[in-house]
Structure formats: C-alpha cells, structure tokens
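J.: here you go, sequence then predicted model.
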Amino acid sequence: MNWCAHIYAGKKAALHRHSIISALKKGKPCPGVYVLTRAVDSDGILDIYHSAVILSGFYRDREITVIGIAMGRREAMEVARLIVDDMYRKNGDFDIDAYCGIGHS
C-alpha cells in the first residue's frame, strides 16, 4: 500500500486521522472507515473501499495508492467530490496521477 503525500480526510475521519492511518499501515482493520484510492483496475479516477476490503488478501498484494480516508460511505463520497473538485481547479483536468505526484502503475 502506497500513500499519497497529502491524504484527504473527511470531517469525522480527520478527528482520528493519525490513529486510522497508523492502524491501516499496520494492517489492522478500522470499523466504519472507508479508504479512497487511485482507481486500481479501471479508467476511473478513484475507488472507494471499506478498510477491511483493502486489507484482504487480494488487495493486500496489489499496488494501491491511498489518497483519502473517511468515516462511513457518505463521508467517502463527500471526500471523493472534494478530491475531484480540487484536482480540476488545480490542473484543469482529471489526471489523478499528476495531481498526486504518483507514477502510472
């Protein structure tokens, strides 16, 4: 699991930002936490997963880049909108790799 230099966090997730990130880096599930990643197997921009899913065998062995964290699916959707809005305002396009400074996988 790779981490974007700037991790977006929803309002509720921001209150527990350090403990959430620490737990995820240690491979510990976080109940109610959703993780926003660079799209893994599609031409999309972002994927949203429950934390338990990205810690499972299939995703644990894949190169995923975490861009945001959220408490609950609704907050995850709000964080996704914020990321996309910020990216378009800054770069005028939807190139998530350029926006986050990560290489294509």
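T.: Nice, thanks for sending it over.
J.: in contact with Lys90, which residues?
T.: Residues near Lys90 by CB atoms under 8 Å, 6 or more residues apart in numbering: Tyr99. All C-beta atoms are positioned from the backbone trio N, CA, C, and that covers glycine.
J.: please report how far Gly101 lies from Ser51.
T.: According to CB to CB, to the nearest Å, Gly101 and Ser51 sit 24 Å apart.
J.: neighbour count for the two, which is higher?
T.: Ser51 (19 against 9; other CB atoms under 10 Å).
J.: separation between that one and Val35?
T.: 6 Å.
J.: any common contacting residues for these two?
T.: In contact with both Ser51 and Val35: Leu24, using CB under 8 Å, 6+ apart.
J.: show the average pLDDT along the helix or strand Ala23 falls within.
T.: Here Ala23 sits within helix 17-25, counting by DSSP states H and E. What helix 17-25 shows for mean pLDDT is 95.
J.: just confirm His50 contacts Tyr34, I think it does.
T.: Yes - shown here, His50 and Tyr34 form a contact pair, counting by CB atoms under 8 Å, at 5.8 Å.
J.: and the two? Which one has more around it.
T.: Neighbours were counted for His50 and for Tyr34 using other CB under 10 Å; Tyr34 has more, 25 against 18.
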